[in-house]
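In: Fold the following and give me the result.
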Amino acid sequence: MPISSLHASPPRVVAAKDTVASAGTIAMGGPNERLWIGLRHDARDAWLLVAAGVQALLSVGLIATVVGEGTLTRLLAAPLLGGGIWWNANTIAHIHIHRPFFRARGLNRLFAGWLSLTTLIPQTIWRHRHLWHHTGKAGPPPPLRASPQLAAEFLSIATLLAVVAVVEPATLGLVIAPAFGVAMLLCQLQGHYEHHERGTALPAGISHYSRWYNFFWFHDGFHIEHHLEPARHWTALPALREAAGAIPNGGASALPPVLRWGSSQLERLESFRNDALGGLERLAMAWPALGVYMVESHRRAFATLLASRGLLDASAPFMVVIVGGGLFPRTLFALAPLLPQARFRVVDGSAESVTHLMERLADAPALHSRVEIVTADFDAERYADNAALVVLPLALRGSAATLAARCPCPVVAHRWLSAGRIGPSTTISLWLWKRLDWLAPLSANPLPPGSAVRSPLTQPQPTRGRP
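Out: Numbering: from 1, shown residues only. From the prediction side, this is the model:
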């Protein structure tokens, strides 16, 4: 995994050593107990060996193809070669750092030498710096002591480059050298944006749950889960996410790490999407039949999801915070009859939406007495401090999982059906192409049935904030 200047929270489990698997890791059961070719942990690690061989063959084939070609052709080959080095460093080499593949120490050292050649990165240095990143300690790692393994890795890389310099110097200067620069740039982007998004630093990491990304990157997208238990086998990271049911002080991103630098472009797309969703809400206001369908489909989905979490059984009053949704308050109208004991705080940054909401509530005095309206952008620390539940809209700026990680209580997020799942979910409507996802940060302190609210509720009154 790329080296980052960030310092993650200390993990619960240290990285595995060369000879004994770390305590606290989950033993792989079933057919994977029958390991072959000396693999220590799981027979599926053989796929990593195959992938390492394929990457090496493709690299050699690419270099051989451009030998004797023009300068431009060679320079264009460099990003492809560099991409392969970056991919190997963040998948196979990274996994081998935490859980060396073989039972025999000698085979692990031999494979580390192979990775050193195919990535041009001495794996002893890669391992030393990366494991320091997992300690969460500030500052650079301590000096690395010289060792026969480190000397062998340096010597093998130097010999390879010397041979290429003698036989085909143009290939070294126009292909291999720029390819290594591309690889290090991509590794730096990967390391940075695994803990940053939209200018926000998240030391616990940011996960990316795309099925295809995690297939080709061997579950590298489960970064939060990896920081929770670095020695957990790569095949078990999805199960760790499901078992934890939590997002610990981090979040999930719709983009893989190296693409998060383009988050400003994503914000423009989100702005366009939010304008389109606002148009749909205005259509529901103008067409009562559509409005009834939207409220009823949301009510059924909330009933299913909240019943599975026990919130429908709570007898004491508690606070539900609804972010946005003031223009056409289907979430409020759907939840109010389901949670008769709840009070609601609607936080919407649009003064126009708040005006529409107050007009609707004027016709429903019983509901109005249970609602506090805040005209402001949502701030979890300020507006969700005494909440038992927060509901996020589909028209949300940024990542729902990242915002949920800052909330002190469980969160229900509106999501497209096509979006990656970030928690237990239920479908709202196929026609609306929406669902609800349940997210529970580790810091969440959900309101147990029958308990009192954690802080007094203020009387409902309109509050002015940032427009």
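In: Report the residue spans of this protein with pLDDT below the cut-off.
Out: Low-confidence segments of the chain (pLDDT under 70): 1-37, 198-199, 242-250, 262-285, 398, 441-467.
In: Please, where are all the strands along it?
Out: 196-197, 200-201, 206-207, 251-252, 318-323, 342-348, 371-375, 387-392, 411-416, 425-429, 434-439, 463-464 (DSSP state E).
In: Run the chain-centre distance for stretch 222-233.
Out: Relative to its parent chain, stretch 222-233 has a centroid offset of 12 Å by Cα atoms, centre = their mean, to the nearest Å.
In: Equivalent analysis for stretch 227-240, please.
Out: Centre to centre, stretch against its chain (Cα atoms, centre = their mean), the figure for stretch 227-240 is 14 Å.
In: go on, stretch 137-146?
Out: Between the centre of stretch 137-146 and the centre of its host chain there is 28 Å, according to Cα atoms, centre = their mean.
In: Quick one: residues in contact with that stretch.
Out: The contact list for stretch 137-146 (Cβ atoms under 8 Å, 6 or more residues apart in numbering) reads 7, 124-125, 128-129, 132, 150. All C-beta spots, glycine's among them, are computed from the backbone N, C-alpha and C.
In: quick one: which of those residues is nearest A362?
Out: Nearest to A362 among the contacts of stretch 137-146: H7, at 52.3 Å, using Cβ to Cβ.
In: Report how many residues lie close to the closest residue to Y383 other than its chain neighbours.
Out: Spatially, and ignoring its direct neighbours in sequence, Y383 is nearest to V347 (5.1 Å; Cβ to Cβ, 6 or more residues apart in numbering). Residues within reach of V347, counting by other Cβ atoms under 10 Å, total 25.
In: Got the domain ranges for this structure?
Out: Here the domain parsing of the chain from automatic domain parsing is 30-259, 287-464.
In: returning to what we had before: and the contacts of stretch 137-146, which of them are buried?
Out: Neighbour-count burial (16 or more other Cβ atoms under 10 Å) is assigned, among the contacts of stretch 137-146, to 7, 124-125, 128-129, 132, 150.
In: Of those, just say which sits nearest to R103.
Out: Distances from R103 to those, taken by Cβ to Cβ, are shortest for T124, at 20.2 Å.
In: Just list the residues touching that closest one, thanks.
Out: 112, 144, 147, 149-150, 153.
In: Which of those residues are buried? Put it as a ChimeraX command.
Out: Buried residues among the contacts of T124 (16+ other Cβ under 10 Å), as a ChimeraX selection:
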select :112,149,150,153
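In: can I get the strands of the chain in CSV with distance to R103?
Out: Output for the strands of the chain, formatted as CSV (distance: least, Cβ to Cβ, whole Å):
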stretch, distance to R103
strand 196-197, 38
strand 200-201, 39
strand 206-207, 31
strand 251-252, 35
strand 318-323, 52
strand 342-348, 56
strand 371-375, 60
strand 387-392, 47
strand 411-416, 44
strand 425-429, 41
strand 434-439, 40
strand 463-464, 64
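In: In the stretch 1-150 of the chain, mark out all the helices, start to finish.
Out: If DSSP state H, counting those that start in this stretch is used as the criterion, the helices of the stretch 1-150 of the chain fall at 45-66, 71-90, 92-98, 105-119, 123-135, 148-167.
In: Give me whichever of the ones you listed is most buried.
Out: Counting by mean count of other Cβ atoms under 10 Å, helix 92-98 has the highest mean neighbour count of the helices of the stretch 1-150 of the chain, with a mean of 23.
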